[in-house]
Structure formats: C-alpha cells, structure tokens
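Student: Let's see this in three dimensions:
(chains A and B)
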Amino acid sequence: MSRESDFYLRRLHSLLGVIPVGLFLAQHLVINHFATRGEEAFNNASNFMGSLPFVLFLEWFIIYIPLMFHAFYGVYIAFTAKNNVQRYGTFRNWMFMLQRVTGIFLVVFIAWHIYETRIQKALGAEVNFNMMEEILSNPFMLAFYIAGVLAATFHLANGLWSFAVTWGIAQSPRSQKIVSYITIVAFLVLSVIGVQALLAFVV
Amino acid sequence: MTEQTTAVLEQPTAGKTVKFEIQRQDTPDSKPYMESFEIPYRPNMNVISALMEIRRNPVNADGKKTTPVNWDMNCLEEVCGACSMVINGRPRQSCTALVDQLTQPIRLEPMRTFPVVRDLVVDREFMFDSLKRIKAWIPIDGTYDLGEGPRMPERKRQWAYELSKCMTCGVCLEACPNVNDKTNFIGPAILSQVRLFNSHPTGAMNKDERLETIMSDGGIGECGNSQNCVVACPKGIPLTTSIAAMNRATTVQMFKNFFGSDHMVD
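Tutor: Numbers count the residues shown, from 1 in each chain, chains lettered A, B, ... in the order given. Sure thing, here's the model as predicted:
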C-alpha cells in the first residue's frame, strides 16, 4: 500500500467520522426517540425518513460511502496499533484503545444492523415499530443493540475529541481537557437518548 | 576520589544484594533469553553501576560464568539519551534509574521498538534519519556572508529552550502504540523538533519544507493521540502540545497548498 497519501486519508477519515457519519448517528438516535411516544409516532417518523426525495442518493452519499470508508480504513488503523495500556494506564491511552475496540465492534454491529433492517427492506420486508419490537424481544439482541448504541456514542464522542486535536483546534492541555469534558457530556446525552429509544420497544 | 572513600563505596553493605533479570540477545537475529544476576549492594547505586559490577564479575545468579551484559551509555547525567532501556516495564534512562527506588528483581529489557544490536544496545538510527528528513537544523550557510538573521525574542527563546531539551533518546517512540513494525511513523520527538525549528526566526524560512515532510509517509497523520509520549518523556517536553500545534500548522499548509497562490513560505 502506498503510504504517500496517508496524511490526507487520515484527515479524511477524521472528517468523515464527524461529517456526515457523526451527524447521521445523532440524527438517527433522535428519530428513534419517537419510539418513546408510541408505535404510531415512530412509524410516521420512519416513513417520513424512508420517503425523503432522492432517498437512495442521500443514503449512498451521506451514509454508505462515507461510512464504508470510515469503517474499512478504521479497521486498518486499529490493527496497526500496538496497544499498551498495561504499561501506561492513563485515561487517554485507555480512550485510544477503546476507540479501536469500539470501532471494530461497530463494524460487526452495523453490518448486522444493516442486514437486519435496510437489506430486509430491500428484500421486501417492512421496517417499522413491529420489526424492531420483534428483534428486541430477544434479550440477547437487546443486549447486543444496547452495546451497539453505547459503542457508537462513545466512538463518536471520543472521535469528536480527537477531531479537535487532529485538526489543531484544541492545542493547549487545558483546551484539550475542556474538550474532553464536553465530549463526555455528549456521550452521556446521546447514550440516554439512544438507550431510551431501545427500551421503548420492549416495555 | 581518594583511596579511602573508594574503599568505603566498594565495601558491600552487610551482605545485602540486588537482584536483576536481564533480557539478553547475543546477535541482532538470535532469540532473546532471560538471565538473572545477584550482585552486592552498595549505597546510591544506579542501574549503570550495577551493570558495571556485572561487567567486572560476569557471573549469573546460578553462579555460572557468563558473558558481560552489553549496554550503551555516554553522558551519565540524562542529557544524551544513549542509555535508554526498559526498566521494570517502563522505558527510561538507566543512568537516572536509582536502585533504591526500584522494585526487585529489577527487570531490564532493550527498547524493542528499535532493532536490537546486542543485549540492551539498540540502534536508534531511524530517529537520526528522521531528523535528517525533517531538516532539523537552521540553514545559515551561503557562498558569501549572509549577515545576521532576524532577532529572536528572549521570551520565545526561553520557551523554545524547553523543546530543545530533546535528546533523541527514543523513550517516546517506545511508549507510542503507533510506532511499531506495522507503521513507519517517525514518532513524537521528531514532530516536536519540527515545531522547534519552525519557531526559530531563521528556521521558519524553510517551515513549509518541514511541514510537507511530516504531511507525507510516516508523518503526523500516524499520530493516534494516545498521549503516552508526554507521560513518558524524561525531559518533560510538551510533546502532545507540539503535535497539536503541528496538526494546526499542517491543516493550514494543506489548505494553502490547494487553495493558495504560488508563494511558498508565507
């Protein structure tokens, strides 16, 4: 693999993680939250999103292509690291490792999630409240989905921090610390939104 | 040193000993193996004086005669970086590793991020080559007297002095999860040197060249922000701040290269 373009690929990887993938995740979790208002509200929101004009174009250019690049290049990044949290058990070194662990887990989770929903839709199934209710009635799948949502919100929040550092926005240790606190809040807020929506399908 | 004080230092302290476990390797390609040593304790020993004791009497803990352990050293005051090795799991200089402050058995290993030459001796040439790649110097030579360069503000000089304390010891590369045989990341120390030389008023005249270098193969893009380097650095150099500063500088350079006009430095 030619490494000359690594700098630009890394920057692109960092950028795409936030725009559009991160924004899409936040939007996805917010739309899911309609589930807490009942079956009809969720189905209406789901139908609205599914019937947007140019929906295939939007899906490919805002979700699939950036997500696939981020995922596959991310796997390469994750497997070139030699983690050493035993030697340096600092907060940042743990975050470094968890970013890679959640990333790998998310490739598996998202692949499964897309297979179970979007591909089934393409094959003729209807994606609605009932479908999710059925999937999540299995306690193992519920745990898998909760882990997936938490991994995604963590990966996004920590990714926002490293985005700020990678692009040279936060340079001083103080600014990096403040960005850490902000991203911890973002993680908590998005996690609550995401998990509440999941639980709405089982209660 | 007078004969009397030497005699006092040489006198073992009531039969007390120091235990060492040293990872040895006879040639660059041979398999490493562990060897234990138990040597007489003396007050104020450091790891180097212990290694000197082993060299003086190369007998391992089993009482068998062995080859003396090889290691590298030079200044003995933590400014050259030559004696860096992994001591009890952490990379650091063996000259400032005091035996009294270490848990025994004291485990010594070479910094395996670099090619091992023999025992604890590693070849840090990768770092010196990287310094050449980023042009870690101030070009002042011409075919005629170029005269004085621009003045450097005193406060800036004092700040830059902290960055100049880097001794290319390799501890930050050993600590970094992204410096390994799967990547060709040049490492935190080198990126900080780009900041040092780009901050110098004369060095800044070539800052775009240094930035272009770290925007290529093995450069700043390989940093994964684990921030181990700043924790590991024996000289307390703000490596992560340097990296973030170079991240911003390369961001600007990247946009300049693409959207800017045809000027180079400023």
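Student: Any idea how many residues pack against B:Q193?
Tutor: Using other CB atoms under 10 Å in any protein chain shown, B:Q193 has 25 other residues around it. Backbone N, C-alpha and C define where each C-beta goes, glycine included.
Student: Neighbours of B:C166, how many?
Tutor: 23.
Student: residues from the stretch 101-250 of chain B in reach of chain A?
Tutor: Proximity of the stretch 101-250 of chain B to chain A, by CB under 8 Å from any CB of the partner chain, involves residues B:175, B:177-178, B:180, B:182-184, B:215-228, B:231-232, B:238, B:240-241, B:243-250.
Student: Can you flag which of those belong to helices?
Tutor: B:175, B:228, B:231-232, B:240-241, B:243-250 (DSSP state H).
Student: With distance to A:F48, neighbour count and pLDDT added, can I get these in JSON lines?
Tutor: JSON lines is the format used below for those (distance: CB to CB, whole Å; neighbours: other CB atoms under 10 Å in any protein chain shown; pLDDT from 0 to 100):
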{"residue": "B:A175", "distance to A:F48": "51", "neighbour count": "28", "pLDDT": "97"}
{"residue": "B:N228", "distance to A:F48": "47", "neighbour count": "28", "pLDDT": "97"}
{"residue": "B:V231", "distance to A:F48": "49", "neighbour count": "17", "pLDDT": "97"}
{"residue": "B:A232", "distance to A:F48": "52", "neighbour count": "21", "pLDDT": "97"}
{"residue": "B:T240", "distance to A:F48": "45", "neighbour count": "26", "pLDDT": "98"}
{"residue": "B:T241", "distance to A:F48": "47", "neighbour count": "18", "pLDDT": "98"}
{"residue": "B:I243", "distance to A:F48": "44", "neighbour count": "25", "pLDDT": "98"}
{"residue": "B:A244", "distance to A:F48": "42", "neighbour count": "27", "pLDDT": "98"}
{"residue": "B:A245", "distance to A:F48": "46", "neighbour count": "20", "pLDDT": "98"}
{"residue": "B:M246", "distance to A:F48": "45", "neighbour count": "25", "pLDDT": "98"}
{"residue": "B:N247", "distance to A:F48": "40", "neighbour count": "26", "pLDDT": "98"}
{"residue": "B:R248", "distance to A:F48": "41", "neighbour count": "16", "pLDDT": "97"}
{"residue": "B:A249", "distance to A:F48": "45", "neighbour count": "21", "pLDDT": "97"}
{"residue": "B:T250", "distance to A:F48": "42", "neighbour count": "25", "pLDDT": "96"}
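Student: and which of those is nearest chain A?
Tutor: Using CB to the nearest CB, B:R248 comes nearest to chain A of those, at 2.4 Å.
Student: pLDDT below threshold where in chain A?
Tutor: Confidence mapping of chain A against pLDDT under 70 gives the ranges A:1-4.
Student: and it, which residues reach chain B?
Tutor: Counting by CB under 8 Å from any CB, chain A sits next to chain B at A:3-4, A:6-11, A:77, A:79-84, A:86-88, A:90, A:92-93, A:95-97, A:161-162, A:165-173, A:176.
Student: secondary structure element for the residue nearest the centre of chain A?
Tutor: For chain A, the residue sitting closest to the mean C-alpha position, by CA atoms, centre = their mean, is A:A152 at 3.6 Å. Using DSSP states H and E, A:A152 maps to helix A:139-166.
Student: now the next helix or strand after that helix against helix A:139-166, angle please.
Tutor: Tracing the chain past helix A:139-166, the next element assigned as helix or strand by DSSP H and E is helix A:173-200. Inter-element angle recorded for helix A:173-200 and helix A:139-166: 160 degrees (by axes from the mean of the first three to the mean of the last three CA atoms, to 10 degrees).
Student: Report the buried residues of helix A:173-200.
Tutor: Buried positions in helix A:173-200, judged by neighbour count with 16 or more other CB atoms under 10 Å in any protein chain shown: A:176, A:179-180, A:183, A:186-187, A:190-191, A:193-195, A:197-198, A:200.
Student: got it, and stretch B:51-69?
Tutor: B:51-54, B:60, B:69.
Student: Might you name the residue of chain A sitting closest to chain B?
Tutor: Minimum separation of chain A from chain B (CB to the nearest CB) falls at A:G168, amounting to 2.4 Å.
Student: mind listing what the closest residue to that residue other than its chain neighbours touches?
Tutor: In space, and not counting its chain neighbours, A:G168 is closest to B:R248: 2.4 Å by CB to CB, 6 or more residues apart in numbering or on different chains. Residues in contact with B:R248 (CB atoms under 8 Å, 6 or more residues apart in numbering or on different chains) are A:167-169, A:171.
Student: By neighbour count, which of these wins?
Tutor: Busiest of the contacts of B:R248 [other CB under 10 Å] is A:Q171, holding 20 neighbours.
Student: Please tell me I have it right and it contacts B:M246.
Tutor: No - when contacts are counted by CB atoms under 8 Å, A:Q171 is not listed as touching B:M246 (9.5 Å).
Student: Mind giving me the PyMOL select for the residues of chain A next to chain B, buried ones only?
Tutor: This is the PyMOL syntax for the buried subset of the residues of chain A next to chain B, where burial follows 16+ other CB under 10 Å:
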select buried, chain A and resi 6+7+9+10+11+77+80+81+83+84+87+88+92+93+95+96+97+161+162+165+166+167+168+170+171+176
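Student: Tell me the helix or strand right after the strand or helix carrying A:F7.
Tutor: In this structure, A:F7 sits in helix A:6-16 according to DSSP H and E. Sequence order places helix A:23-32 as the next helix or strand after helix A:6-16, per DSSP H and E.
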